[in-house]
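3D, please:
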Amino acid sequence: PSGLAFPFFLFPLISHELVEMPGHTQGSIILVNEEEGYALTGDSVTRETLLNMEGAPHMSVYRERLSKFIDRYKGRIHVAMSGHGGAIPDPFAVFEGNLDAVEGVLSGKYKGYPDPRHTRSGKNVYRAKPEIGAEDFSVGLEGFCSDGMLGNILFSCDRDIK
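Got it, this is the predicted structure:
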């Protein structure tokens with residue numbers, strides 16, 4: 001598909017729009033049901049979206065798609081279900097927090113904070129913004145940033161910052 005979204009029928013009587021959201025992986029999508037006001041984001045948008053996966057597109061692609069998604073659906077979606085962390089009762093706080101994180105990394109505003117939980121294969125992984133309780137990963141406050149925003153991204157300087 002070449003557009004932002006196209007109709008998709010998950011079950012015979014439930015219609016969803018399938019929205020391409022490359023970022024976590026090249027083929028990441030979001031399923032939107034405007035009539036019921038929800039989105040199934042999977043791993044495309046979570047409180048801590050991983051954008052450092054092998055084969056994932058550059059962060060600028062995610063920024064562009066997420067910005068268009070916010071413009072199109074703000075006020076129409078009232079809850080989202082992510083692949084990690086379950087229900088997001090205020091999804092646009094997370095969507096806009098992720099967008100802020102991406103824009104901040106790409107502009108140089110956010111330099112990143114090492115995240116030892118996600119560092120693999122000798123590649124360093126960073127979270128864009130500091131989080132409440134980030135020094136103690138057992139706290140379970142992923143995505144609750146010290147700037148008061150919800151939503152954050154994890155990225156690799158080796159891959160994303162050039």
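
so where is this structure shaky, pLDDT-wise?
Under the criterion of pLDDT under 70, the regions of the chain flagged as low confidence span 1-14, 118-123, 131-149, 158-162.

please list all residues in contact with the residue most central in space within the chain.
Using CA atoms, centre = their mean, the residue of the chain that lies closest to the mean C-alpha position is residue 45, 2.9 Å off. Taking CB atoms under 8 Å, 6 or more residues apart in numbering as the criterion, residue 45 is in contact with 21, 30, 66, 80, 82, 91, 94, 95, 98, 151. (Glycine included, C-beta is placed from N, CA and C.)

try 6 Å
The neighbours of residue 45, taking CB atoms under 6 Å, 6 or more residues apart in numbering as the test, are 95, 98.

just confirm it is within a helix.
No. Inclusion of residue 45 in a helix is not indicated when DSSP: H, G, I helix; E, B strand; the rest coil is applied; the result is coil.

show residues contacting the biggest helix by length in the chain.
The longest helix of the chain (DSSP state H) is helix 91-107. Helix 91-107 is touched from outside by 45, 47, 49, 59, 62-63, 66, 70, 74, 77, 80, 88, 110, 128-129, 149-153, with contacts defined as CB under 6 Å, 6+ apart.

residue 50 contacts residue 154, doesn't it?
Yes. Using CB atoms under 6 Å, residue 50 is in contact with residue 154, at 5.0 Å.

more neighbours, the two?
Neighbours of residue 50 and residue 154, each counted by other CB atoms under 10 Å, are more numerous for residue 154; the result is 23 against 19.

identify the bridge partners of residue 30.
When bridges are called by DSSP bridges, residue 30 pairs up with residue 19.

ignore the last one, residue 126
Counting by DSSP bridges, residue 126 is bridged to residue 114, residue 155.
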